[in-house]
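Asks: have a look; sequence and predicted model below, questions after that.
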Amino acid sequence: MSAKIAELLWVEKYRPKSLKEMVNQEEVVKRLMKFVEEKNMPHLLFAGPPGTGKTTAALALAHDLYGEDWRRYVLELNASDERGITVIRSKVKEFARSKVSGDVPFKIVILDEADNMTADAQQALRRIMEMYVETTRFILIANYASKIIDPIQSRCAAFRFTQLKKEDVVGRLEWICKQENVTCHGDGLEAIYEISGGDLRKSINILQAAAALGEVTISNVYKVVGLAHPKEIREIINLALSGKFIEARDRLRELMVTYGLSGTDVLRQMHREIFSADLKIPEDLRVMIADYIGEIHFRIVEGSDDEIQLTALLARLSLLGKR
Ligand SMILES: Nc1ncnc2c1ncn2[C@@H]1O[C@H](COP(=O)(O)OP(=O)(O)OP(=O)(O)O)[C@@H](O)[C@H]1O
């Protein structure tokens, strides 16, 4: 990626350069720092959910081992793009050929998305790892360690990355806003976390898109991800339950046009709101609505008309409210 693009994308701009800048993943960072201290390490396997810092940790480890010049000693490959094991073999061969200088006696090959390789390709990879072990260490990155064949797993020290916690994600987003001089609101940042879970890459991308609309408010966040504000969904449910069927239907139409929502988008959001403490309705009502949503969802997926089905759902809610 060119330096210019990296500067434009906040995920790259704010990617920690050194291990000590990583957010959370304390156990992992502590063990990696030991390798830096000893200037030695085995092959490594990083596994865990997307956007939790696996690639970042691999690059930061290289930075801390080799210093500012680290890129000379690192070969980054994407196992799923450059699928052919022959490509990997020839690139690694070429890379491992030149001698390492300095006090770290090996270079590093980072193989991203290693779990997308077929078992055969992994067998070939294992042989490559053995062949160049004198001069090269591999860092394999995967979402699922279980998809990596046993012989490779047993040759690697395994590191498990965990989903980042809410306070970690929100804290990091707040810090980025400060660096960028962007105004952010607490509920906007929390909404980002709700949408992206502990995936910090996704969170930072949403943050940047929302900031481009001015401020990071909850409505800008929902706008950029193409979802309705949960409050608006709850209002529609409440309108229907209180018998204001026509008004509920008009609001729903408006919402779908504004946010470009499909029938299943609406149902998914309604389904989420049914479990929200902010929707003040008795539990037996939640049970019935959840049941209706399931039925309507099935009909839409089977090809029934979005508008007719959503209107039917609102009609049922209106009748329920009249019980
Ligand atoms: N633990 C973390 N500390 C600080 N920033 C992080 C962390 N995890 C992720 N990020 C941010 O998210 C971006 C993506 O992270 P990274 O590429 O390391 O994810 P990954 O775990 O390798 O994900 P994937 O499995 O999708 O490749 C980074 O550029 C960085 O800005």
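Replies: Arrived safely, thanks for sending.
Asks: gap between I85 and A119?
Replies: 11 Å (CB to CB, to the nearest Å). Glycine gets a C-beta too; all of them are placed from N, C-alpha and C.
Asks: ditto for L320
Replies: Relative to A119, and taking CB to CB, L320 is found at 53 Å.
Asks: go on, V104?
Replies: In terms of CB to CB, V104 sits 32 Å off from A119.
Asks: show me which of L320 and A119 is the more surrounded one.
Replies: L320 (17 against 9; other CB atoms under 10 Å).
Asks: pull out the buried positions in stretch 127-143.
Replies: For stretch 127-143, the neighbour count (16 or more other CB atoms under 10 Å) marks I128, M129, Y132, T136, R137, F138, I139, L140, I141, A142, N143 as buried.
Asks: farthest pair within those residues?
Replies: Y132 and N143 (25.4 Å; CB to CB).
Asks: pull up the distance across stretch 97-113, start to finish.
Replies: 24 Å (CA to CA, to the nearest Å).
Asks: pLDDT of it, averaged?
Replies: Computed over stretch 97-113, the mean pLDDT rounds to 86.
Asks: list of residues touching that stretch?
Replies: 39-40, 55, 58-59, 61-62, 65-66, 73-80, 88, 92, 95-96, 125, 134-143 (CB atoms under 8 Å, 6 or more residues apart in numbering).
Asks: just the ones of these in strands?
Replies: Using DSSP state E, V74, L75, E76, L77, N78, T136, R137, F138, I139, L140, I141, A142 are the members of the contacts of stretch 97-113 that sit in strands.
Asks: and the third one, what are its bridge partners?
Replies: Right, the one you point to is E76. I110 (DSSP bridges).
Asks: burial check on it, number of neighbours?
Replies: E76: 16 neighbours (other CB under 10 Å).
Asks: and if you look at the fifth one?
Replies: By the criterion of other CB under 10 Å, N78 has 15 neighbours.
Asks: cool, and the second one?
Replies: Here the neighbour count serves as a burial measure; for L75 (other CB under 10 Å) it reads 18.
Asks: contacting residues around it?
Replies: K91, V92, F95, K107, I108, V109, I110.
Asks: hmm, 10 Å instead?
Replies: 88, 91-92, 94-96, 107-111, 136, 138 (CB atoms under 10 Å, 6 or more residues apart in numbering).
Asks: thinking again about what came up before, what is the lowest-pLDDT residue among the ones in strands among the contacts of stretch 97-113?
Replies: Lowest pLDDT among the ones in strands among the contacts of stretch 97-113: N78, 82.
Asks: surely that one meets K91?
Replies: No: counting by CB atoms under 10 Å, N78 stays clear of K91, with 11.2 Å between them.
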